[in-house]
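Give me the fold of what follows.
(chains A and B)
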Protein chains: 2
Amino acid sequence: MDELANSNNLLKTLKQIVGSQGFREGEDINKKNYRDWMGTRSIPPKMLLRPANTTEVSKILQVCHEAGQAVTPQGGLTGSVSAAAPQVGEIALSLERMKQVEELDRFTSSITVQAGVELQTIQELADAAGLLYPLDLGARGSCTIGGNLSTNAGGNRVIRYGMTRNPVPGVEAVLADGTIINGLNKLRKNNTGYDLNQLFIGSEGTLGIITRVVLKLLPKPSSQVVALCGVKEFSDVAELLLHAQKQLSGNLTAFEVLWRNTYQLIAEHLKEVPLPLDQDYEFYVLVESMGSDPDNDKDLFVKTLNSATEMDLIQDCVIAEADKQIEGLWRIRDAAAEVIQGVGFMHAYDVSLSVGDMGYFGDEVVKRLNLKWADAIVGLFGHVGDGNIHIIVNVGPETRELHLQIDEVIYALIRELKGSVSAEHGIGIMKKPFLRYCKSEEEITLMKTMKQAMDPNGILSPGRIF
Amino acid sequence: MDELANSNNLLKTLKQIVGSQGFREGEDINKKNYRDWMGTRSIPPKMLLRPANTTEVSKILQVCHEAGQAVTPQGGLTGSVSAAAPQVGEIALSLERMKQVEELDRFTSSITVQAGVELQTIQELADAAGLLYPLDLGARGSCTIGGNLSTNAGGNRVIRYGMTRNPVPGVEAVLADGTIINGLNKLRKNNTGYDLNQLFIGSEGTLGIITRVVLKLLPKPSSQVVALCGVKEFSDVAELLLHAQKQLSGNLTAFEVLWRNTYQLIAEHLKEVPLPLDQDYEFYVLVESMGSDPDNDKDLFVKTLNSATEMDLIQDCVIAEADKQIEGLWRIRDAAAEVIQGVGFMHAYDVSLSVGDMGYFGDEVVKRLNLKWADAIVGLFGHVGDGNIHIIVNVGPETRELHLQIDEVIYALIRELKGSVSAEHGIGIMKKPFLRYCKSEEEITLMKTMKQAMDPNGILSPGRIF
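This next block holds a predicted model:
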């Protein structure tokens, strides 16, 4: 009874901190807060807190730290490894009311926002100021920048601009005990001690809750050309990548590949998506160039593709330069992720490995899956320019239940090839059993040392990652 | 006596670990190992260890950890904040025998090397493979990659390629207790838990000793054009930067500025350096473009400078496209750092601030220094495109002794402008008194928490940073 009384007292204190707009209980909690995008786990949180500012986040954590109450931060809930999905007994802390855009500074080319601002909002604000925030991914309309940083999101333009962490000048975060670390710096170069920003980026909410950030904005390119190329074997894809990197240099902004299996799944299940190339090619490569010299950029792009054709790396190719056509080609790439719903349900994987191993990986993974499930439906696609592949798998109506067995097939192969079990999605809870496939005991021990030092009561997203 | 016996035993054990090639004592220790490039402090280490591989580094630290013996890692000793200069009673651990280049992998565009390899060696190997390692700084011939990572070096091309940490796929480091953290990964995307690489990068040897690294190589540009422009006021420099970023986009690889005071110091003290523009301009801007389309890149560059001239941002300008001419213009930029010797001795500062504040800063810092030392000789120059300025100061023969007072003048102004007391050089020992000018108590406490967790006996570069 004491425990219950304590628990009730805790909830009462938390309610006082955030006020009536700042919490939801029981049936009032939207079911979306039970789970993330992948939705493998769905558990109602003990309570949903919706603080309005950093001070409230700090007070909440101070109280929870003292009470040993576990808290899971939530952004747009578009993750896929159950990092933000509550576990039993956890309080969910959503940043959904922290959507303020505080400043756009032209001279430092930076934008300062609260962590609950959606990625697309930031993209649009940068664009309106004649600048670019380069992070881009399918969930742009619903994912939040706090979530993007917490998972160190990748996305479509890593090949040119790097992952989310490269670079983030400023991060404000609240530690487990409520201490506010105000690193809201706009400076690009700032070698004054450890880079604390990097601690919070990519640690999936386990070391602190990101509350505000300063993002670096870049000059907006004035040219964009996109091509979709049909390629006959993977070694040609790899050579085409080297060729495009060499010829287009800084202008190469995307090198995305769909394996034929994915292209065919789109043809079958998303009939509304126009496919300009026929289905005979083994690989479909989307290449994008962005630059600042529209006329010459297009010429260089066409020249690059022509020479690739002469080298027999490309069998067929469509080039788009008008906005509508460009959208059409990107629509195909985005459709690769939507096919999942068309097929019913597919488990989605996100791995990375050397480009030199990808051809073998693509063949072998399909072979191994088919050996175990003869009717398995498999699609491969991804950011090949960054060494990153997504695999989508359906092995029948029991796919969801069998996911650990599918995991084992895919991750065992990744381990053989010294790849990574998570290129951009993170580890969360879903990939925990496979962390050891790409991290040593020493590395995991060091992570635990850091977690213990920064969150001794273990209240921040406990049980995630390790 | 017991203590002395213990100390002798310790040294004996260490000698056994590294063998006769692996240590130096007493007079056999080269004086260069007493100090770093700035040389403000010069103290002989208790012993100089020169391990040949990671295993030896691990054994050394294990023994020193147990004995509570402080160790300072040394790379090329080109730092300027006394991070690698020994303090009394410390053992110096030099990576000078760890110079192996292990692999250059074309498909992942990466190179794997031991930490003692010089930056220039890596640049040349990349170049020979038709690739680029973009980090570049004046000390390239003697600084080591381990030191570059430990300080998160900046240099000449941050504007396009970012600081050293952006990105480094793989780091192997040895923790204070000898544990080897083998993060020698080649993958560009690898979201599997905390980014441990980032812990070791920029922590100035206090959290671990970097022993091997995997560096990302980039496509080598095929065009290079450089210009030196005379500009009449700082607001024009700032607008020229925005203009160049917009027009040259990904091709803009350097935007370096010399204030007139520095240009005049070069004219006076380095007469062998040809100066193509006369000394009437307030600012001299070196702009560089690198791309993959030689003909068009040059046209775009010239067009950009022409439009800047029409906008009255540039008063005069020389353009270089032949290697020799390009070298000549870069020679002027490099000369800014060499002037120090010409004048006698100058204290060199490395700060960052918003580009919008730099014009005021440049005037104000000279005014304040002259107020205190009427004959002060001051030069300003730096990587303005990254918000980074260097200031060189001579206030007379007692400059070295007065450095804390000069520090105070400069860093007080930086604090007022919310800048950083160290853009790229780090904190080491020299800037410790001023860390609080740009870091909060909470941030410093968190750094100490990490240090305590990772090096509980405090043996790794103790007393650096905080």
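
ranges for the helices of the stretch 251-400 of chain A?
A:260-269, A:294-310, A:323-343, A:355-372 (DSSP state H, counting those that start in this stretch).

The stretch 301-450 of chain A against chain B: which residues are in contact?
A:352-356, A:383, A:386-388, A:419-427, A:431, A:435, A:438-440, A:442-447, A:449-450 (C-beta under 8 Å from any C-beta of the partner chain). In short, each C-beta sits where N, CA and C put it, glycine included.

Out of those, name the ones that lie in strands.
Using DSSP state E, the subset of those located in strands is A:352, A:388.

Show me what the strand or helix carrying residue A:10 packs onto, helices and strands only.
Using DSSP states H and E, residue A:10 falls within helix A:2-18. Using 3 or more C-beta pairs under 8 Å, 6 or more residues apart in numbering or on different chains; DSSP states H and E as the contact test, the elements touching helix A:2-18 are strand A:47-49, helix A:54-67.

Each with direction, which strands does the shortest one pair with?
Right, strand A:47-49. With DSSP bridges as the test, strand A:47-49 is paired with strand A:23-24 (antiparallel), strand A:91-94 (parallel).

Out of the ones you listed, which is the most enclosed?
Comparing the strands paired with strand A:47-49 on average neighbours per residue, with mean count of other C-beta atoms under 10 Å in any protein chain shown, the densest one is strand A:91-94 at a mean of 25.

which residue ranges form the helices in the stretch 101-250 of chain A?
Counting by DSSP H, counting those that start in this stretch, the helices of the stretch 101-250 of chain A are A:119-128, A:145-150, A:158-161, A:196-200, A:234-248.

tell me, what residue is most central in chain A?
Nearest to the mean C-alpha position of chain A, counting by C-alpha atoms, centre = their mean, stands residue A:153 at 3.7 Å.

So for that one, what's the nearest residue that isn't a sequence neighbour?
Distance criterion C-beta to C-beta, 6 or more residues apart in numbering or on different chains; nearest residue to residue A:153, sequence neighbours excluded, is residue A:164 at 4.8 Å.

how about residue A:260, what does it touch?
By C-beta atoms under 8 Å, 6 or more residues apart in numbering or on different chains, the contact set of residue A:260 is A:279, A:281-284.

Would you check how far apart it and chain B are?
22 Å (C-beta to the nearest C-beta, to the nearest Å).

again with residue A:59
With C-beta to the nearest C-beta as the criterion, residue A:59 and chain B are 15 Å apart.

so that residue touches residue A:16, yeah?
No: at 9.3 Å, residue A:59 does not count as touching residue A:16 under the criterion of C-beta atoms under 8 Å.

quick one: which of these two has more around it?
Shown here are residue A:59 and residue A:16; by other C-beta atoms under 10 Å in any protein chain shown, residue A:59 has more neighbours (18 against 12).

what's the burial count for the residue nearest to the more buried one when sequence neighbours are not counted?
Of all residues beyond its chain neighbours, the one nearest residue A:59 is residue A:17 (4.6 Å), with distances taken as C-beta to C-beta, 6+ apart. Burial measure for residue A:17: 18 neighbouring residues, criterion other C-beta under 10 Å.

got the contact list for the spatially closest residue to residue A:245 that is not a sequence neighbour?
Leaving aside its sequence neighbours, residue A:245 sits nearest to residue B:219 (C-beta to C-beta, 6+ apart; 4.4 Å). Residues near residue B:219 by C-beta under 8 Å, 6+ apart: A:245-246, A:249, B:109, B:131-132, B:292.

Closest residue of chain A to chain B?
In chain A, the residue found nearest to chain B is residue A:250; the distance is 2.8 Å by C-beta to the nearest C-beta.

was I right about that residue contacting residue B:251?
Yes: between residue A:250 and residue B:251 there is a contact under C-beta under 8 Å: 6.1 Å.

Now do the shared contacts for these two.
Between them, residue A:250 and residue B:251 share the contacting residues residue B:291, judged by C-beta under 8 Å, 6+ apart.

Export the contacts of residue A:260 as CSV, with columns for pLDDT and neighbour count.
CSV is the format used below for the contacts of residue A:260 (pLDDT from 0 to 100; neighbours: other C-beta atoms under 10 Å in any protein chain shown):
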residue, pLDDT, neighbour count
A:279, 94, 13
A:281, 98, 20
A:282, 98, 18
A:283, 98, 25
A:284, 98, 28
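
pLDDT wise, what is the closest residue in space to residue A:76 that isn't next to it in sequence at?
Closest residue in space to residue A:76, ignoring its immediate chain neighbours: residue A:143 at 4.1 Å, by C-beta to C-beta, 6+ apart. pLDDT recorded at residue A:143 is 97.

what's near enough to touch residue A:143?
A:75-76, A:78, A:118-119, A:137, A:153.

pLDDT check: weakest of those?
Lowest pLDDT within the contacts of residue A:143 is found at residue A:137 (89).

Next one: it from residue A:350, what distance?
Between residue A:137 and residue A:350 the computed distance is 12 Å (C-beta to C-beta, to the nearest Å).

can you give me the end-to-end distance of stretch A:285-296?
End-to-end span of stretch A:285-296 (C-alpha to C-alpha, to the nearest Å): 22 Å.

got the buried residues for that stretch?
A:285-293, A:296 (16 or more other C-beta atoms under 10 Å in any protein chain shown).

Closest to residue A:331 out of the residues you listed?
Taking C-beta to C-beta as the measure, residue A:331 lies nearest residue A:286 of these, at 10.5 Å.

residues touching the closest one, list them.
Residue A:286 neighbours (C-beta under 8 Å, 6+ apart): A:226-229, A:254-258, A:329-330, A:332-333.

possible to save these as JSON lines with neighbour count?
Below are those laid out as JSON lines (neighbours: other C-beta atoms under 10 Å in any protein chain shown):
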{"residue": "A:226", "neighbour count": "24"}
{"residue": "A:227", "neighbour count": "22"}
{"residue": "A:228", "neighbour count": "24"}
{"residue": "A:229", "neighbour count": "26"}
{"residue": "A:254", "neighbour count": "24"}
{"residue": "A:255", "neighbour count": "24"}
{"residue": "A:256", "neighbour count": "26"}
{"residue": "A:257", "neighbour count": "27"}
{"residue": "A:258", "neighbour count": "25"}
{"residue": "A:329", "neighbour count": "21"}
{"residue": "A:330", "neighbour count": "19"}
{"residue": "A:332", "neighbour count": "23"}
{"residue": "A:333", "neighbour count": "24"}
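
Do I have it right that residue A:253 meets residue A:288?
Yes: Residue A:253 is within contact range of residue A:288, at 4.8 Å (criterion: C-beta under 8 Å).

picking that back up, more neighbours: which of residue A:137 and residue A:350?
The residue with more neighbours, out of residue A:137 and residue A:350, is residue A:350; 23 against 19, by other C-beta under 10 Å.

Who does that one form a beta bridge with?
Applying DSSP bridges, one finds that residue A:350 bridges with residue A:390.
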